[in-house]
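J.: sequence first, then the predicted structure, then my questions.
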There are 2 protein chains.
Amino acid sequence: MKATIKDVASLASVSISTVSRVLNNPELVVPRKRQKVLEAIRELNYSPNALARGLIHKRTGTLGVLIPDISNLFYSAVLRGMEDAANRSDSNLIICNTDTSAARRNSILKVLYEKQIDGVIWTSEPLPSDSYEMFAKLDFPVVLAATHSLDYNLPSVKVDDEQAAYDATVYLIGRGHTRIGMISGPKNDPISGYPRIQGFLRALRDHHLKFDEAVCVEYGKYHFEDSYEAMKRLHGKYPEMTAVFASSDERALAAISYLHENQIRVPDDISVIGFDGTRMAGMSFPRLTTVAQPLYNIGYLAVDKLLKVINGDHIGELRTCVPHQIIERNSVIDCPQPI
Amino acid sequence: MKATIKDVASLASVSISTVSRVLNNPELVVPRKRQKVLEAIRELNYSPNALARGLIHKRTGTLGVLIPDISNLFYSAVLRGMEDAANRSDSNLIICNTDTSAARRNSILKVLYEKQIDGVIWTSEPLPSDSYEMFAKLDFPVVLAATHSLDYNLPSVKVDDEQAAYDATVYLIGRGHTRIGMISGPKNDPISGYPRIQGFLRALRDHHLKFDEAVCVEYGKYHFEDSYEAMKRLHGKYPEMTAVFASSDERALAAISYLHENQIRVPDDISVIGFDGTRMAGMSFPRLTTVAQPLYNIGYLAVDKLLKVINGDHIGELRTCVPHQIIERNSVIDCPQPI
DNA sequence: CTGAAAGCGCTTACAG
DNA sequence: CTGAAAGCGCTTACAG
């Protein structure tokens, strides 16, 4: 029912080698035969079987993407960039959720390995050593997106988190704020936690502001409600604060919700700056000022890099650092009561 | 370098048939040999090549998902449901953006066909007739998710859009509102446009409210800014309105932004109800009351259904209608000035 | 219970 | 320029 190369060959009365040639090296076939084959192909609506091809070429044109959880809104733009990059070279993406579970991770990797994918993109999380070893053992090309590895020499694409946090804080300071709080992710998170806290503190220090780390930074896990509670605690212990730096847009929206719901005006009483530059940052009230990561580009460049590794091309720098950028909207104003 | 079945066979000193049997029908092999083979497999870290298997079984365990644009936040939960359903039966998803472009659609379908995917999920948009014919010609199993087709007998999973819009409106009416506006998608959109407008109008009629369709409904395309402008126009021509039904959460957030930015309080002056039940509905201020679709389930059930079609199992009803549900949060209150 | 052989749908030296 | 043959890595009747 599905036409095969044999069907085409017999309809065109040539050998299957010839059919294969008109598909792959048409110049090797005399025009007359080439024409006949082309006609047969079109008549039978023939398309070569990529499995058979893949078996021979040891290349499938499909890439695996491991992300913690696709339902996190952070990924939509990143995935779009990945898709577009994959598409440019006729590759496809198999997207898998790891749920930050080792068991899940391993079973996914096994399936992807069996499906002979050409390589994988590992997203957001620090790469666990067992997965690294698996990649090495399976000889899987890997590129890290929105994360990197200091332990291993793996290509990566990400923003400079420490510097971005620093810049966000300096932006607040430049607006006259001196009592600034931070809603952070877990302290031990090596991407969205630790470096962003360090950047925040460095900015405070560089500008000679007095602060007590135990008072001005509060921790929350990754989701809204948790950050909402973190904001509550932060405000409880640091009521004189006039601005807060939230280390993700979702955390910023949670902070804004808490403040609004407690009759504290944003930005009139407290300014809020986010981090990420997701689409929803433009949909809040007030519209969120945020340090944007080039999400689409991170995805695009990561896949691009992976493709280069696969093709054996030169990848340029191993760890690509993409620029962040402060997007000014309405959630930050000049400090109303400068000291 | 990658171990093959031959390597395992020679290490275990059996034929490749035996290796294949311990993988697929272990009971056919005597325990002693089975053991030896298993050891060889583990020693060589062997995993069967899914391409070779797929070539024989005519089954790849990979499904195609066509969505208009993954960067739309609507899809994250839906995709998560799809993923989980696929996972349960060791299938994977190849997600592709169509950008509502016929050219793109066709090139994607061609690639997926060559990759021998087992079936496809078509999402959100009405299925164009050329794609339907392509599916038919290629003999592709298809399931429609968050959309359906009246023209063709295709399995689908979606909410009853007309009824959901009706219920949203009745909810507003039940809260005492009589002057209700609507921010709609394009009138000719057969999913998020037309039926939702019809549901809205039917509710108004059923409750004997006076209204002029030309005044109380305003149209916007799919994105935020466009809906923001729609809200502006709507408010301009219908200032006495006390509630608005927005036919997506993004439209609702846009409406809220417009109102807030023009010193109109939500919900005190105007109540707003959304549609979809995306995650961001819980992150706005005020938190958005919305008619939620079971997004995760739509994805899950659609893949489940596709798998059934592929396996030749009975799929139950062709067009599955999943229940919607009003999630009450803080963007709707009782009409402050009932007539 | 097990191995040799054919075959899934291709590509690519190798002859001619 | 073109065809027959071998081979990619498997599975599955078919004998024995």
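T.: Structure's in. What do you need? Source: prediction; values computed, not measured. Residues are numbered from 1 along each chain as shown, chains lettered A, B, ... in the order given.

J.: any idea how far residue A:183 lies from residue A:226?
T.: In this view, residue A:183 and residue A:226 are 10 Å apart by CB to CB, to the nearest Å. From N, CA and C alone the C-beta is placed, and that goes for glycine too.

J.: now for these two: what residues contact both?
T.: A:220, A:254 (CB atoms under 8 Å, 6 or more residues apart in numbering or on different chains).

J.: those two: which is more packed in?
T.: Neighbour count, other CB atoms under 10 Å in any protein chain shown: between residue A:183 and residue A:226, residue A:183 has more, with 28 against 17.

J.: name the element that one belongs to?
T.: Here residue A:183 sits within strand A:180-184, counting by DSSP states H and E.

J.: could I get the buried residue list for the helix or strand following that strand?
T.: Next along the chain after strand A:180-184, taking DSSP H and E as the criterion, comes helix A:194-206. Buried residues in helix A:194-206, counted by 16 or more other CB atoms under 10 Å in any protein chain shown: A:194, A:195, A:196, A:197, A:199, A:200, A:201, A:202, A:203, A:204.

J.: any idea of the pLDDT on the third one?
T.: This means residue A:196. Per-residue pLDDT puts residue A:196 at 97.

J.: go on, the one 5 residues further on?
T.: pLDDT recorded at residue A:201 is 98.

J.: max-length helix in chain A?
T.: helix A:295-311 (DSSP state H).

J.: for that one, name the packing helices and strands.
T.: Packing partners of helix A:295-311 (3 or more CB pairs under 8 Å, 6 or more residues apart in numbering or on different chains; DSSP states H and E): helix A:75-88, strand A:119-123, strand A:142-145, strand A:156-159, strand A:319-322.

J.: wait, which of those is closest to DNA strand D?
T.: Of all the helices and strands packed on helix A:295-311, the one in closest proximity to DNA strand D, counting by CB to the nearest atom of the strand, is strand A:119-123 (17.9 Å).

J.: show me what the closest one is packed against.
T.: Using 3+ CB pairs under 8 Å, 6+ apart, strand A:119-123 sits against strand A:62-67, helix A:75-88, strand A:142-145, helix A:295-311.

J.: partners of it in the sheet?
T.: In the sheet, strand A:119-123 lines up against strand A:62-67 (parallel), strand A:142-145 (parallel) (DSSP bridges).

J.: name the residues that touch that strand?
T.: Outside strand A:119-123, the residues that touch it by CB under 8 Å, 6+ apart are A:63-68, A:75, A:78, A:82, A:109, A:112, A:131, A:135, A:140-147, A:302-303, A:306-307, A:309-310.

J.: for the closest residue to residue A:291 other than its chain neighbours, which residues are in contact?
T.: In space, and not counting its chain neighbours, residue A:291 is closest to residue A:168: 4.5 Å by CB to CB, 6 or more residues apart in numbering or on different chains. Counting by CB under 8 Å, 6+ apart, residue A:168 touches A:199, A:200, A:245, A:273, A:275, A:291, A:326.

J.: which SS state does residue A:168 fall under?
T.: Following DSSP: H, G, I helix; E, B strand; the rest coil, the label given to residue A:168 is helix.

J.: what's in contact with the longest helix of chain A?
T.: Against helix A:295-311 from outside (CB under 8 Å, 6+ apart): A:59, A:63, A:74, A:77-86, A:89, A:91, A:93, A:118-121, A:141-146, A:155-159, A:276-278, A:314-315, A:320, A:322, B:71.

J.: same question for it, mean pLDDT?
T.: For helix A:295-311, the per-residue pLDDT averages 97.

J.: near DNA strand C, which residues of the stretch 51-200 of chain A are found?
T.: Applying CB under 7 Å from any atom of the strand, we find that the stretch 51-200 of chain A lies next to DNA strand C at A:52, A:53, A:55, A:56, A:57.

J.: of these - the most surrounded one?
T.: Busiest of these [other CB under 10 Å] is residue A:53, holding 18 neighbours.

J.: surely residue A:218 forms part of a strand?
T.: Yes - per three-state DSSP, residue A:218 lies within a strand segment.

J.: quickly list what it is bridged to.
T.: Beta-bridge pairing for residue A:218 (DSSP bridges): residue A:183.

J.: and the pLDDT at it?
T.: 96.

J.: which ones are touching it?
T.: If you count contacts by CB under 8 Å, 6+ apart, residue A:218 has them with A:181, A:182, A:183, A:184, A:230, A:231, A:233, A:234, A:237.

J.: how many neighbouring residues does the fourth one have?
T.: In other words, residue A:184. Residues near residue A:184, counting by other CB under 10 Å: 27.

J.: how much space is there between it and DNA strand C?
T.: Between residue A:184 and DNA strand C the distance is 53 Å, computed by CB to the nearest atom of the strand, to the nearest Å.

J.: so what pLDDT did that residue get?
T.: At residue A:184, the pLDDT value in this model is 96.

J.: isn't it up against residue A:219?
T.: Yes - proximity of residue A:184 to residue A:219 meets the contact threshold set by CB atoms under 8 Å, at 5.3 Å.

J.: which neighbours do the two share?
T.: Shared contacts of residue A:184 and residue A:219 (CB under 8 Å, 6+ apart): residue A:193.
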